[in-house]
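A.B. asks: for reference, the sequence and a predicted model appear below.
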Amino acid sequence: MNLKDVKKEIKCDSKYDFLRNGEYSDKLIFLTLAGSYSYGTNIDTKEHLSDIDLRGVYTPSLDELLSMRSNSDSDEVYVDEETDTVLYSLPKIIKLLTKCNPSVIEMFGTKDEHIIYCSEMGKLIRDNIDLFLTKRAYYSFCGYANAQLRRLQNGLSTKDTYSQEEKERYILDCLRFKIECFEDEFNDDLVNKIQLNLLDSSKKDMSKEIFMNINLENYPLRDFDKIYSEIKNIMKDFDKLNHRNRKKDELHLNKHSMHLIRLLLTGKDILDGKGINTFREADREFLLDIRNGKYSYDEIFNIVDKLNKDIKKSFENSKLPDRPDLEKVNELIKKINMNTVLKSIA
């Protein structure tokens, strides 16, 4: 399906009526294509048509801004599963943007022709997206990429192609990176306070096992609970064994491979000061070759290892700020909210 047909379907198909005359139609300020069409990795053949994904932003109503609802209902995400549409409220999108969340950052790096709707306020966010480009991109994009890597490695582990020690090593790598991410979030030297090592195991079914040393004093309990929950989730992900159809499994694993490499490439661009390049035109054939299984998993892991080293170097040399300037972010929010007020009383 070409871009013209995609836009025609969005404009004419009744399943998109909620965008034209539904609850969010008057509040919508930005709407763009997402997923494979926005990345340039869509596949349009007789056997397969890529799904249409939409992502957007809406502002709270005047009632939400001026009442207690401003702290509850306005901070939400609306999901329409039938059309694969996700709409973020302004408070929610700002929170995610300040964390350099890949899913929302990429929304504002789509090509002009992929934008379905952009109001004056939507353009204001898009024009000021540099406010949210910080070194946090290293942790967020690498974090998402490592989550994809974890799914890939977990999927391969069900095929028994890797030894128990290799699987344990994959888990260790993911855990160490997660702890690095927490260092940025909590501004603490957690790598030295929470040490993880792969050592000989006394368990019958394990040759190697992850051991930890923790040195924390007067540490905030809620912060530790969050760290423990994330570690627990990583362990849980690896312990799950999938029993999917083998052919379908290959397709899923290849797609995970493509996305984790795409995330690393996009994150590196941001850290290198090249902005948000959601549409990977120069990488399209390379990414599609990965999706189509033209690379072995060993080759993919080698590519990922190199990209991880490259993006870490970009992070170390990046001229981006460590964190967003919250005063400027607040000024942006004020402008958008004031527009909502003036529009409501006009």
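C.D. replies: In hand now; what should we look at?
A.B. asks: please, where are all the helices along the stretch 201-346 of the chain?
C.D. replies: 221-239, 246-271, 284-291, 297-317, 326-345 (DSSP state H, counting those that start in this stretch).
A.B. asks: CSV for the ones you listed, including mean neighbour count?
C.D. replies: From N, CA and C alone the C-beta is placed, and that goes for glycine too. Listed next are the helices of the stretch 201-346 of the chain as CSV, based on neighbours: other CB atoms under 10 Å:
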stretch, mean neighbour count
helix 221-239, 13
helix 246-271, 20
helix 284-291, 17
helix 297-317, 15
helix 326-345, 13
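A.B. asks: format those as JSON lines; extra columns: distance to Arg176 and mean pLDDT.
C.D. replies: Listed next are these as JSON lines, based on distance: least, CB to CB, whole Å; pLDDT from 0 to 100:
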{"stretch": "helix 221-239", "distance to Arg176": "11", "mean pLDDT": "84"}
{"stretch": "helix 246-271", "distance to Arg176": "17", "mean pLDDT": "84"}
{"stretch": "helix 284-291", "distance to Arg176": "25", "mean pLDDT": "94"}
{"stretch": "helix 297-317", "distance to Arg176": "12", "mean pLDDT": "91"}
{"stretch": "helix 326-345", "distance to Arg176": "30", "mean pLDDT": "89"}
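A.B. asks: Glu120 is nearest to which of these?
C.D. replies: Closest approach to Glu120 among the helices of the stretch 201-346 of the chain (CB to CB): helix 326-345, 7.4 Å.
A.B. asks: could you look up the SS state of Tyr139?
C.D. replies: Under DSSP: H, G, I helix; E, B strand; the rest coil, the three-state class of Tyr139 is helix.
A.B. asks: leaving out the residues flanking it, which one is nearest to it?
C.D. replies: In space, and not counting its chain neighbours, Tyr139 is closest to Cys181: 4.4 Å by CB to CB, 6 or more residues apart in numbering.
A.B. asks: Phe141 is in contact with the one you found, correct?
C.D. replies: No. With contact defined as CB atoms under 8 Å, Cys181 and Phe141 do not form a contacting pair (10.9 Å).
A.B. asks: who has more neighbours, the two?
C.D. replies: Between Cys181 and Phe141, Phe141 has the larger neighbour count (other CB atoms under 10 Å), namely 28 against 18.
A.B. asks: which one is the more buried one nearest to, not counting chain neighbours?
C.D. replies: Counting by CB to CB, 6+ apart, the residue nearest Phe141 is Gly267, at 2.8 Å.
A.B. asks: dump the residue contacts of the one you found.
C.D. replies: Pro102, Ala137, Tyr138, Ser140, Phe141, Cys142, Ala145, Ile311 (CB atoms under 8 Å, 6 or more residues apart in numbering).
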